[in-house]
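> Model the following, please.
(chains A and B)
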Protein chains: 2
Amino acid sequence: MSDDPLVIFTPSGKRGRVPFGTPVLAAARQLGVDLDSVCGGRGICSKCQISPGYGAFSKHGVTVAEDALSDWNAVEDRYKQLRGLAEGRRLGCQARIMGDVVIDVPPESQVHKQVIRKSVTERVIEMDPATRLLYVEVAEPDMHEPTGDFERLALALRNQWQVADVTADLALLRRLQPVLRKGNWRVTVALHKGNHDAAPRILDLWPGFHDVAIHGLAIDLGSTTIAAHLCDLRDGRVLASGGVMNPQIRFGEDLMSRVSYVMMNPGGDVEMTRVVRAAINDLALSIAAQGGVDPASIYEVVVVCNPVMHHLLLGIDPVELGQAPFALATSGSLSLDARDLDLAAINRAARVYILPCIAGHVGADAAAVALSEQPGKSDEMVLIVDVGTNAEILLGNKTRVLACSSPTGPAFEGAQISSGQRAAPGAIERVEIDPVTKEPRFRVIGSEVWSDDAGFAAATAASGITGICGSGIIEAVAEMRMAGLVDPGGLIGGPDQTGTQRCIPDGRTHSYLLHDASAAGGPRIMVTQGDIRAIQLAKSALYAGARLLMDEMGIDHVDRITLAGAFGAHISPTHAMVLGMIPDAPLDHVTSAGNAAGTGARIALCNVAARDQIEAVVHDIHKVETAIEPRFQEHFVNANAIPHAVDPFPNLFSVLTLPQVSFNTQGSGSDGRRRRRG
Amino acid sequence: MSDDPLVIFTPSGKRGRVPFGTPVLAAARQLGVDLDSVCGGRGICSKCQISPGYGAFSKHGVTVAEDALSDWNAVEDRYKQLRGLAEGRRLGCQARIMGDVVIDVPPESQVHKQVIRKSVTERVIEMDPATRLLYVEVAEPDMHEPTGDFERLALALRNQWQVADVTADLALLRRLQPVLRKGNWRVTVALHKGNHDAAPRILDLWPGFHDVAIHGLAIDLGSTTIAAHLCDLRDGRVLASGGVMNPQIRFGEDLMSRVSYVMMNPGGDVEMTRVVRAAINDLALSIAAQGGVDPASIYEVVVVCNPVMHHLLLGIDPVELGQAPFALATSGSLSLDARDLDLAAINRAARVYILPCIAGHVGADAAAVALSEQPGKSDEMVLIVDVGTNAEILLGNKTRVLACSSPTGPAFEGAQISSGQRAAPGAIERVEIDPVTKEPRFRVIGSEVWSDDAGFAAATAASGITGICGSGIIEAVAEMRMAGLVDPGGLIGGPDQTGTQRCIPDGRTHSYLLHDASAAGGPRIMVTQGDIRAIQLAKSALYAGARLLMDEMGIDHVDRITLAGAFGAHISPTHAMVLGMIPDAPLDHVTSAGNAAGTGARIALCNVAARDQIEAVVHDIHKVETAIEPRFQEHFVNANAIPHAVDPFPNLFSVLTLPQVSFNTQGSGSDGRRRRRG
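Numbering: from 1, shown residues only, chains lettered A, B, ... in the order given. I've put the predicted structure just below:
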């Protein structure tokens, strides 16, 4: 009908004619405009606020009269008095379209809000979580047309929210009748939509309109550390982040030693499953406390992890992952009840989504990195290394993506290091060594002050100086190499060779004294020869994995390198290159992506469509198996040395440049200037 | 291709041309012929046996040459040697079609076997259980094309059995890898297909080809008794049947007293839920032992019950069912895990299906009766009464079906009766009283011998004579009325009036001594005045419910009456009419259907399509609420008398015939002759 009023929504630009008197919310739905509503148009929730524009809109070719919307009504009046309504705003469910109009949907009224991720590489996550709140009005029971209360609730959800075939578990059915009556047949439900064809499920319900915050946990379950983000499922905000050590460490520091433990102790996986689930419960409780939310408000968990952790979390014996052909019990994504995993700390109806594994050695964490970093959408050839006890490595561009994992061991996470510790307040995270005086300076987590700055003692009084974390040990070893304290083979020189008494004899080798608080009863923090060896093994494995993928891709350089990992954001690209962790690339093309696996988990938490997407992506990733590839061993052995080709200062040892490693000196030079307090 | 051989299957008559060399099993699948196979055509299971016909078939217009099927092969040879193969039989998966042929599929090779139900009204149940065994060959893992073992199993089920998107719980995933390897990548799975759109689920698996029996339990959960049938899910055979008292009786003998118990003792439902689940576990164990099967071989349970038992089984507080509008928490069918109901006695992966409820007072048991007796397919107007503590009553024909329930109380099940007991060996189930001598004779369950026959003592030595069951008390009261021991109002006469010393003063009233074993230290089994009153209340309620439906239907007589109930098979129609339990109908149109609710449960157990069917039927049944209907009270009061219009013998009291009750004397006369040892 051309007589019907024309309505144009901004910023989407969607437009159409609707019958005279149509509420703005109904018009938005009809035209496919993203306008939020929790109460379903009853003037309760205020999520559907809009701003009408009046006057001439030449861009849209319309002129909007002052009476294009119906008059301000009693519902809006009441809402404004009770909770306030910004000038010019209307409730979309109340205001009706009486003439041609241009209507702006402000960002906070969009369901699919876009959240900017706080990280080096900014990222937009479109909010479309699996669980959301819906307000419904349920028909009262009629003994002459008897149906169950649940069936009437399901019908209301179908009619009022177009959600068909909802389900509920017995625990919810038990609570249903009193809540419906208490709410006088009006309730708010937390509705979970599964991915694929899973039936939507009611996870919780409250009497009346209940605008409660509901939360989700994105968990990166690593071999050494378990990291988690607590997110508000309405807007994607990260309310708290935290981590704990994986208590399975006592059964073996790396994955293969845990698999061996099970091989030697049949049934040993049961205890490992128990402790990791307990740790996740503890982490959930502490992170909820930190974020100031009730743990029972957590309705969603997304887990990413490597295959061995995946099986141990699920309670599946991981022995098949310890031997060729490294068969996973299951590789697909999993949607589970939290109680299947004994996650009793959070809401008892909570759902868990575990990303798919790529292969027996390339897990859901690598899938999460792929979801976060999207190598398959890149024009450039990008190498992504997710550094952890097992490194996940992805290489590719639009045409092809390869993946492998490499057993780096826990050294990069501060384990197997003499003074090593998890990244936590008090841990040394940045190190510089003066190439002339050989004296160190450092920073600890929780303080921005360097150790040779005034105020350092005061700034670190609370945390103390307790050890050295993964990024700290990487910087320390690289700086030692650049300061000429370590030779290309990784040997620490004695005081005679290095000219510093900080190189202390330690058995048959030497250790470098980074910090000595023993006079005050504190620790002596050293870098030992064993620490250097552990870092050499770790970086060689990482490097060899990356090279293997490059061989498979038939290339000898990459356009871009992304460093990721639980502490990826803290790794200095320069130091990584000095160590030879990563192949050659212009330094300004090396970026840190932070905890990309954790980000991938957050994306899957906040956007249910991303779950389907990653399942498709995983299918297209080509997996390369490092464990049986002779060239991996070859690359590994060749990568053992610490090349150190970028030191602008003279040193005692000769410079060794491995053929496959050379550096862009301009980049490193500029980084060198920054390091030197530039 | 008209050159392709023509194949005709009997008895279905399905025919078509298939490529030369097509195996008979493949041809059957292609033409939609019901030919069984568990091993998927690998010559292992022998389920696909067929009988080729040779020679001229004028009916089908073909002549079958001797070489119409491929030669007998080595697989068939080996099978015949190992397990035997009847003359003329071939394995459908081995024999290939080489020319025009007529092939007979014997009944035992049909998947949808038809089982004749052993009962008064014979019934055909087409076997199509939700859970069946499938043999699959799974691709081995390939580290260059890595997928999980489960994903390869799912692919095999899709390719070999056309079952898509199978699921499995964590417990199965835990067992998957060792079983696949033990079976050398060949396994047999127990696959459950849900009704509606539920994804198929693997409940169990075994290495290799495993032709194990799998079982199901059909449970009729009554207020007073819990009855169960143990069925073989392959062929529907009933391997054992049994029952126990519902232990909730201690919280209240009838439904409303249990609801009152919860009202008075908030949380009291929790204990009732616990005891009924424990009783079902015990029953499952005992019935499995009786049938000689492992309880872990039970993968399916179907439960029918009234709404209060339904809620108490599910753990839902039933208080809403105790007051108008009698709202059910949920009325739809439920598919649950057995562990959701704490049914730990059976297989831990077992599934439970609970039939839908019709209304707040008309439960899944009534739905099961409708499924068993199919009133909606009847040309005649049929009244079905399912007698229990609560009677379910259905009335209707092809055009319309009505349902109600009536609170008869537990008297018909032997409870609230002074010498009452559950129907079990030792219980008096048949009673006759000589109208002249007033002497009784009786039979007890477990023996075919009457008490005045020689050999009675020997026949009942094992069980003893322990009490009187529901059918026994109905016969006793009716016989007492016919023998002139009881007046139309229900009063037992004294010895002076009745002329027998068996009428013993008992307080202010009299009791009739049915059996006295006190000399031998045994019980004195009496029918007291209280017993008569309990039966009068019960039968009045039953009668009033039936009349209410007749009023609603606008009829004053029915064409046929079906008596059903846990002990329905044992009620004598004559005695039921003497008592006035049921409205007027020709005696030869009154039949017993046995435990129709239990039969309905068995049908839903053996045929998954019946589950969808009953859900549709329930939707079309019109429910009549007795509790708020003034005419129900009116009918109830009017039905209190015991009419006794059929006694062929003179007696002390006058005959009272209620207007709505009159009897076909020819029918009752013939029954009377039978009763008198005719």
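
> all strands for the stretch 51-200 of chain A, in order.
Listed in chain order, the strands of the stretch 51-200 of chain A (DSSP state E, counting those that start in this stretch) span A:55-57, A:62-64, A:90-91, A:96-97, A:101-104, A:114-116, A:124-126, A:131-137, A:167-168, A:186-192.

> To chain B, which of the ones you listed lies closest?
Proximity to chain B (CB to the nearest CB) singles out strand A:167-168 among the strands of the stretch 51-200 of chain A, at 8.3 Å. No exception for glycine: its C-beta is placed from N, CA and C like everyone else's.

> Can you tell me what sits against that closest one?
Applying CB atoms under 8 Å, 6 or more residues apart in numbering or on different chains, the contact partners of strand A:167-168 are A:Phe150, A:Leu176, A:Ala199, A:Pro200, A:Arg201, A:Ile202.

> And the residue in the stretch 351-500 of chain A positioned nearest to chain B, its phi and psi?
Chain B sits closest to A:Ala359 of the stretch 351-500 of chain A, with a gap of 3.6 Å, by CB to the nearest CB. Note on A:Ala359: its backbone torsions stand at phi -160, psi 180 [degrees, to the nearest 10].

> for the one 4 residues further on, same thing?
The main-chain torsion angles of A:Gly363 are listed as degrees, to the nearest 10 and equal phi -100, psi -160.

> Quick one: residues contacting it.
Contacts for A:Gly363 were tallied using CB under 8 Å, 6+ apart; they are A:Val304, A:Cys305, A:Asn306, A:Pro307, A:Val308, A:Met309, A:His310, A:Cys357, A:Glu392, A:Ser405.

> just the residues you listed now: which is nearest B:Arg158?
Set against B:Arg158, the nearest of those by CB to CB is A:Cys357 (20.3 Å).

> Tally up the residues packed near the closest one, please.
When neighbours are counted by other CB atoms under 10 Å in any protein chain shown, A:Cys357 registers 32.

> so it touches A:Ser331, yeah?
Yes - applying CB atoms under 8 Å as the test, A:Cys357 and A:Ser331 come out as touching, 4.7 Å apart.

> any shared contact partners between those two?
B:Gly148.

> Quick check: beta-bridge partners of the closest residue to A:Thr225 other than its chain neighbours?
Ranked by CB to CB, 6 or more residues apart in numbering or on different chains and with sequence neighbours excluded, the top spatial neighbour of A:Thr225 is A:Gly243, at 5.2 Å. For A:Gly243, the beta-bridge partners under DSSP bridges are A:Ala227.

> which residues touch A:Val401?
Residues counted as contacts of A:Val401 (CB under 8 Å, 6+ apart) are A:Ala370, A:Pro375, A:Gly376, A:Leu394, A:Leu395, A:Asp620, A:Ile621, A:His622.

> in terms of contact, does A:Phe9 touch A:Pro106 like I think?
No - A:Phe9 is beyond contact range of A:Pro106, at 11.5 Å (criterion: CB under 8 Å).

> Show me what A:Glu432 is bridged to.
Per DSSP bridges, the residues bridged to A:Glu432 are A:Arg441.

> Neighbours of it, how many?
21.

> before we move on, what about A:Arg502?
A:Arg502 - counted by other CB under 10 Å - has 22 other residues nearby.

> Give the closest residue to it in space, chain neighbours not counted.
Nearest non-adjacent residue to A:Arg502 (CB to CB, 6+ apart): A:Leu513, at 4.6 Å.

> ranges for the strands of the stretch 401-550 of chain A?
Per DSSP E, counting those that start in this stretch, the stretch 401-550 of chain A carries strands over the ranges A:427-433, A:440-444, A:467-468, A:503-506, A:509-516, A:524-527.

> Could you identify which of the ones you listed has the lowest mean pLDDT?
The minimum mean pLDDT among the strands of the stretch 401-550 of chain A belongs to strand A:467-468 (a mean of 90).

> Any chance you could list what contacts that one?
Contacts of strand A:467-468 (CB under 8 Å, 6+ apart): A:414, A:417, A:419-421, A:426-428, A:431, A:476, A:514, A:523, A:525, A:527.

> Now which of the residues you listed would you call buried?
The neighbour-count test (16 or more other CB atoms under 10 Å in any protein chain shown) marks A:414, A:417, A:419-421, A:426-428, A:431, A:476, A:514, A:525, A:527 as buried among the contacts of strand A:467-468.

> is it true that A:Pro425 touches A:Val444?
Yes - at 7.3 Å, A:Pro425 counts as touching A:Val444 under the criterion of CB under 8 Å.

> More neighbours: those two, which one.
Shown here are A:Pro425 and A:Val444; by other CB under 10 Å, A:Val444 has more neighbours (27 against 13).

> Which single residue of the stretch 551-678 of chain A approaches chain B most closely?
The minimum distance from the stretch 551-678 of chain A to chain B, using CB to the nearest CB, falls at A:Glu625 (5.0 Å).

> and that residue, what pLDDT?
83.

> residue contacts, the residue of chain A positioned farthest from its centre?
Within chain A, A:His144 marks the point farthest from the mean C-alpha position, 53.5 Å out by CA atoms, centre = their mean. Listed by CB under 8 Å, 6+ apart, the contact set of A:His144 reads B:Lys623, B:Glu625.

> Residue ranges of each domain in chain A, please.
A:6-109, A:114-207, A:223-354, A:411-528 (automatic domain parsing).

> which one of those lies closest to A:Gly554?
That would be domain A:223-354 among the domains of chain A, by CB to CB, at 24.7 Å.

> How far away from the center of its chain is that closest one?
How far domain A:223-354 lies from its chain's middle: 14 Å, per CA atoms, centre = their mean, to the nearest Å.

> again with stretch A:565-584
19 Å.

> Output that stretch as CSV - backbone C-alpha positions only.
The C-alpha trace of stretch A:565-584 is given here as CSV (Å, rounded to 0.1, in the frame of the first residue of the first chain):
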residue,chain,number,x,y,z
GLY,A,565,49.5,-17.6,24.2
ALA,A,566,48.4,-17.1,27.7
PHE,A,567,51.4,-14.8,28.0
GLY,A,568,51.7,-14.0,24.3
ALA,A,569,50.9,-10.4,24.8
HIS,A,570,54.0,-10.0,26.9
ILE,A,571,56.5,-11.6,24.7
SER,A,572,58.8,-9.1,23.1
PRO,A,573,59.1,-9.9,19.4
THR,A,574,62.8,-8.8,19.4
HIS,A,575,63.7,-11.2,22.2
ALA,A,576,61.7,-13.9,20.5
MET,A,577,63.8,-13.4,17.4
VAL,A,578,67.1,-13.2,19.3
LEU,A,579,66.3,-16.5,20.8
GLY,A,580,65.3,-18.0,17.5
MET,A,581,61.9,-18.9,18.6
ILE,A,582,60.3,-17.8,15.3
PRO,A,583,61.4,-17.7,11.7
ASP,A,584,62.6,-14.6,9.9
